[in-house]
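Asks: how does the following fold in three dimensions:
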Amino acid sequence: MKFAHGLSAAFALVLLAGSTALAQDVARKHGGVLREQLSQMEMKPFDAALLSTLPGWTNGSAPTSESLRGKVVVVVTWSSWYKVSHNALASAQQIQDRLGGQGVIVLGVHHQQGFEDAKSVAAAKGATFPFAHDEKGAFRSALRVDQDPEIFVIDRAGNLRYADVTNEAALGAAESLAKETTEQAAALPASIKDRAASAQAEASKARGVAGAMRPGTLLNVVFTPPAAEEYKATKWPETNSDTSGLNADDLQGKPLPQGAAAGKWITEAPNTSGRVVVFDFWATWCGPCKRAMPTLDDLQKKNRQDLVIVGMSGQPAGDYKEDFESVKKFLGTHKSEYAHANDLGQSLYKAFRINAIPHVVVVSTDNVVRWQGNPLDPKFRAAVENTLRVDPGVKARRAAEEAFLKKSEARAG
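Replies: Coordinates of the predicted model:
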């Protein structure tokens, strides 16, 4: 089923990869190793000097620890020369306009390059909040910013609560934190730690933890992601050599593009930490897409611990795009074993310049595209299974889970 190419765009599917408790409804960007690193920064004190020492403050003076004390702070990174990031200026300004009177401060951090045009671009976009120049890239380095825009939200106690949320989720995140007192925000990290310790203690009491786990139950064990060198040394499965029939740009062997958010979850957001991810671009009106669903179901059932398949609906048929409710209704009568998201904005679809569906993309735990093509291609299953077999992130997660279960069994015994 063919249709015209979309425009190329950077993106990051919203995947909640073991994110902070009490914040599962706030959509973050990124997955794999980078998401793990960002998640580890959450619920910890934010260094205000990263902002106060920046030069070139415009629309206001440099913030200080005192001026930020007891405030909710929303920081957005952007670039005058990168138009994709300009949408985040509008999102940030909306937060400033709506929540500025509730103790919420919005600040911008501009890229090293192009700052000479920043003031005129900000004015053209109606952005009146203060912003500064990340002249030496120190802010981006400390917050692991890989591509603008990225949004960080700091609570009233000065803790980085949400690291790299989507444009669409930023307002809701700020609203939720604005309702907290400083005391409530300060008490939250210890509360979460206590509950996590309590939950682990309860799990350790039961005998035969591994045997008692229901089929399909996923553990959420913290593990150390493999180093980049380990991924480089891995012998990955062969890519799809039939690029002429790929019906999309060939991004195999390249990092998954990062940037704008994509999609709204129809099912519960999956935990992608240490798991291979398969994006399946499909539509309810696409016959071949529906014929591929049993294959995807079977792959998900047999690899539930190590694989996350995400059905991406919202693909066009002429002027028609399937919305959230229509796809949800379809899935109500066509049960699916894997996760589903609806992306009317087609960020993922456009990033790959897909011109025919079904189309699947296999992504390893280091956020690199390892295979893409048609899910009805017999080589698809082999590509997924071979990626699962060699992926260092999958191995690291499995090892951490095994160690946890053995420790739990020992305590219970």
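Asks: got any ranges where the protein has weak pLDDT?
Replies: 1-25, 30-31, 193-218, 258-263, 316-319, 409, 411-413 (pLDDT under 70).
Asks: using the record's assignment, carve it into domains.
Replies: Domain assignment of the chain by automatic domain parsing yields the ranges 44-188, 228-399.
Asks: out of those, which gets nearest to residue 222?
Replies: When the domains of the chain are compared by C-beta to C-beta, domain 228-399 sits nearest residue 222, at 8.9 Å. Glycine gets a C-beta too; all of them are placed from N, C-alpha and C.
Asks: what's the end-to-end length of that closest one?
Replies: 18 Å (C-alpha to C-alpha, to the nearest Å).
Asks: so which of the domains of the chain is nearest residue 37?
Replies: domain 44-188 (5.8 Å).
Asks: what about that closest one, how long is it end to end?
Replies: 11 Å.
Asks: from the chain's centre, how far out does it sit?
Replies: 19 Å (C-alpha atoms, centre = their mean, to the nearest Å).
Asks: before we move on, the earlier item: how about the domains of the chain, which one is nearest residue 26?
Replies: Going by C-beta to C-beta, the one of these nearest residue 26 is domain 44-188, 4.8 Å.
Asks: just put the domains of the chain in CSV and tack on mean neighbour count.
Replies: Listed next are the domains of the chain as CSV, based on neighbours: other C-beta atoms under 10 Å:
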stretch, mean neighbour count
domain 44-188, 19
domain 228-399, 19
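Asks: what's the closest of those domains to residue 28?
Replies: domain 44-188 (5.6 Å).
Asks: all strands of the stretch 151-300 of the chain, in order?
Replies: 159-165, 260-262, 264-265, 276-281 (DSSP state E, counting those that start in this stretch).
Asks: check which helices and strands the longest one is in contact with.
Replies: Think strand 159-165. Other elements packing on strand 159-165 under the criterion 3 or more C-beta pairs under 8 Å, 6 or more residues apart in numbering; DSSP states H and E are helix 32-41, strand 44-45, strand 150-154, helix 167-178, helix 182-205.
Asks: before we move on, the earlier item: okay if I get the domains of the chain as TSV plus distance to residue 408?
Replies: Formatted as TSV, these follow (distance: least, C-beta to C-beta, whole Å):
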stretch	distance to residue 408
domain 44-188	27
domain 228-399	15
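Asks: what's the closest of the helices and strands packed on strand 159-165 to residue 337?
Replies: Of these, nearest to residue 337 by C-beta to C-beta is helix 32-41, at 22.2 Å.
Asks: strand 159-165 and the closest one, what's the angle between them?
Replies: If you take axes from the mean of the first three to the mean of the last three C-alpha atoms, to 10 degrees, helix 32-41 sits at 160 degrees to strand 159-165.
Asks: could you check the angle strand 150-154 makes with helix 32-41?
Replies: Interaxial angle of helix 32-41 relative to strand 150-154 (the same axes, to 10 degrees): 20 degrees.
Asks: what is helix 32-41 packed up against?
Replies: strand 159-165.
Asks: give me the contacts around the strand it packs on.
Replies: Strand 159-165 has contacts (C-beta atoms under 8 Å, 6 or more residues apart in numbering) with 20, 23, 26-30, 38-39, 41-46, 143, 145, 150-155, 173, 177, 185-186, 188-189.
Asks: returning to that earlier point: the helices and strands packed on strand 159-165 into TSV, with extra columns for distance to residue 67?
Replies: Formatted as TSV, the helices and strands packed on strand 159-165 follow (distance: least, C-beta to C-beta, whole Å):
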stretch	distance to residue 67
helix 32-41	22
strand 44-45	17
strand 150-154	13
helix 167-178	17
helix 182-205	15
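Asks: how about those, which one is nearest residue 255?
Replies: Per C-beta to C-beta, nearest to residue 255 of these: helix 32-41, 9.8 Å.
Asks: now the closest one against strand 276-281, angle please.
Replies: 110 degrees.
Asks: residues touching residue 358, list them.
Replies: With C-beta under 8 Å, 6+ apart, residue 358 has these contacts: 280-282, 286, 288-289, 292, 374-376.
Asks: make it 10 Å
Replies: Neighbour list for residue 358: 1, 247, 280-283, 286-293, 296, 311, 315, 373-377, 380 [criterion: C-beta atoms under 10 Å, 6 or more residues apart in numbering].
Asks: cool, and residue 167?
Replies: If you count contacts by C-beta under 10 Å, 6+ apart, residue 167 has them with 27, 29, 76, 85, 87-92, 94, 149-151, 260-261.
Asks: do residue 126 as well
Replies: 89-90, 93-94, 97.
Asks: and it, that one's in a strand?
Replies: No. The assignment for residue 126, made by DSSP: H, G, I helix; E, B strand; the rest coil, is coil rather than a strand.
Asks: distance check, it against residue 109.
Replies: 18 Å (C-beta to C-beta, to the nearest Å).
Asks: I figured residue 51 hits residue 109, correct?
Replies: Yes. Using C-beta atoms under 10 Å, residue 51 makes contact with residue 109 at a distance of 7.5 Å.
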